[in-house]
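S.K.: I would like the atomic coordinates for the input below:
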Amino acid sequence: MKNRTLRKMWVWIAAATLTATMLAGCGDTSEQNSTGNNENRQISETESSSAAESSAASEQTPDSAASGERKLVVYSNTDEAGATAMEEAGAEIGIEVTIVRLGGGGDVIDRVMAEKNNPTADIVYGSNHIGLARLKAADCLEQFVPVWDDKVDEGLKDPDDYYYGVGISAVLLAYNPEVVGDNVPTDWMDLWTVPEWQGKYFVNPSTSGGTTQLVLSGILNRYRDDSGEMGISAEGWDALAAYYGNAYIQKEGDDFFALLTKGDVWAGQNYSKGVLVAEKDYDTDIAWATPEIGVPFATEMVAIVKGTKNYDVAKEFLDHYGSAEVMERISTTYPANVDARNGENMAELKTLTDSVKPQVIDYDFVAEHLDEWLEKIELELIP
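M.R.: Alright, predicted model coming up:
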């Protein structure tokens, strides 16, 4: 009861903070995660620090359209290696790229929203489907069609051409094949509909992570009902309640892969590269379900910020950066561009990723409802 009361307190504090942030940023728009770490549900540091940093970035970056210089500013949550790779890719075609690295995908989204009326960035990079869908809904993005458009699967880009995936990770239902016996999971629904799975699958009670939010979105999208509660049918909410109600809920100090290796739990969510690394680190075999409907993909997205004075230069850069030649050379995740997946360093990821297909999820629908979904889940469904 104490944990439930605390969770309610924090949910309502977050909701109040979110409302203030949205009014200060892009106006009335639904919100969500940019892929993780309380991502899109978090706000920027403070309005004053955001304004100061934005002003500093503007002073450091002249209007390249006015000056004739080929310069771009990119807001991203990438690491130092990713930033360097983008800068070098720009230099190859005579474009000076400045990466403004922010703490997380949510910080990236919040900053672009806060600067909607006076944008500093030309490009946003790194946040996932849900974060970019928020920017699209808030009218913070320009449409563009890169030359590699036909090389990216439908589930990895916006159907209205506002954002595109460049690096992807499959979100998997990973399991220990040595302990499941005949109870091999074929889809997420097996977890709460097959009696043998009760208490045997691992669920993190935090809803702030990007992987968790993609899993929840993938489940709820199957039960879309525009006349239902928050766009979801009663059957869908019952399914999600059963998902949490029959799970082994993570306790403080739990290590998912350690429990999986020992057979204390049989399955749980993780992402493709994490599974491959865990197989080596824990010296164990890990398998994953391959649902007919597909699985969610955590995708590093690129988009052009609305209001940029450097649209043509931004488009030229993204044509080059997302090309097979560049992606095959620099990508540390699995490239969204199908022609960039043949490098020797991609062999294991290729085998894994090719074993599943992207689940087609309406991320505009997710962006519209996710925050209220999470509020309901936290207050009503998590034990």
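S.K.: next, Gly167: secondary structure please.
M.R.: Assigned by DSSP: H, G, I helix; E, B strand; the rest coil, the conformation of Gly167 is strand.
S.K.: Tyr334 is in contact with that one, correct?
M.R.: Yes - using CB atoms under 8 Å, Gly167 is in contact with Tyr334, at 6.8 Å. Placement of C-beta: from N, CA and C, glycine included.
S.K.: show me the contacts for Tyr223.
M.R.: Going by CB atoms under 8 Å, 6 or more residues apart in numbering, Tyr223 touches 232-233, 235-237, 239.
S.K.: all the strands of the stretch 51-200 of the chain, in order from the start?
M.R.: 71-76, 96-101, 123-125, 141-142, 164-175 (DSSP state E, counting those that start in this stretch).
S.K.: how about the stretch 251-383 of the chain?
M.R.: 267-271, 287-288, 297-305, 334-335.
S.K.: need the residues that contact the first one.
M.R.: Looking back up the chat, that one is strand 267-271. Taking CB under 8 Å, 6+ apart as the rule, strand 267-271 contacts 169-176, 180, 185, 191, 197, 200-204, 211-212, 215, 256-257, 260, 278, 289, 298.
S.K.: tabulate the strands of the stretch 251-383 of the chain in CSV, adding columns for mean pLDDT, mean neighbour count and distance to Glu154.
M.R.: As requested, those are arranged in CSV below (pLDDT from 0 to 100; neighbours: other CB atoms under 10 Å; distance: least, CB to CB, whole Å):
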stretch, mean pLDDT, mean neighbour count, distance to Glu154
strand 267-271, 96, 24, 21
strand 287-288, 98, 20, 22
strand 297-305, 94, 26, 11
strand 334-335, 92, 26, 16
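S.K.: which one of these lies closest to Glu348?
M.R.: Checking those against Glu348 by CB to CB gives strand 334-335 as the closest, at 9.8 Å.
S.K.: direction included, what does the closest one pair up with?
M.R.: strand 164-175 (antiparallel) (DSSP bridges).
S.K.: pull the distance from the strand it pairs with to the chain's centre.
M.R.: Chain-centre distance of strand 164-175: 9 Å, with CA atoms, centre = their mean, to the nearest Å.
S.K.: same thing with stretch 128-143?
M.R.: 12 Å.
S.K.: what comes up buried for that stretch?
M.R.: 128-138, 140-142 (16 or more other CB atoms under 10 Å).
S.K.: mind checking which of those are in helices?
M.R.: 129-137 (DSSP state H).
S.K.: mind putting the residues you listed in CSV, pLDDT and distance to Val305 included?
M.R.: Converted to CSV, these look like this (pLDDT from 0 to 100; distance: CB to CB, whole Å):
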residue, pLDDT, distance to Val305
His129, 90, 17
Ile130, 88, 18
Gly131, 90, 13
Leu132, 94, 11
Ala133, 93, 15
Arg134, 91, 13
Leu135, 96, 8
Lys136, 96, 12
Ala137, 93, 15
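S.K.: nearest to Asp354, of those residues?
M.R.: His129 (20.4 Å).
S.K.: pretty sure that closest one contacts Tyr363?
M.R.: Yes - between His129 and Tyr363 there is a contact under CB under 8 Å: 4.3 Å.
S.K.: returning to what we had before: tell me the most packed of the contacts of Tyr223, by neighbour count.
M.R.: Ile232 (22 neighbours; other CB atoms under 10 Å).
S.K.: ok, now which ones touch that one?
M.R.: Counted by CB under 8 Å, 6+ apart, Ile232 has contacts 220, 223-225, 369, 373.
S.K.: show me which pair in these is furthest apart.
M.R.: Asp225 and Trp373, at 13.3 Å, using CB to CB across those.
S.K.: the two: which is more packed in?
M.R.: The neighbour comparison of Asp225 against Trp373 (other CB under 10 Å) goes to Trp373, with 24 against 13.
S.K.: check contacts around the more buried one.
M.R.: So Trp373 contacts 216, 220, 230, 232 (CB under 8 Å, 6+ apart).
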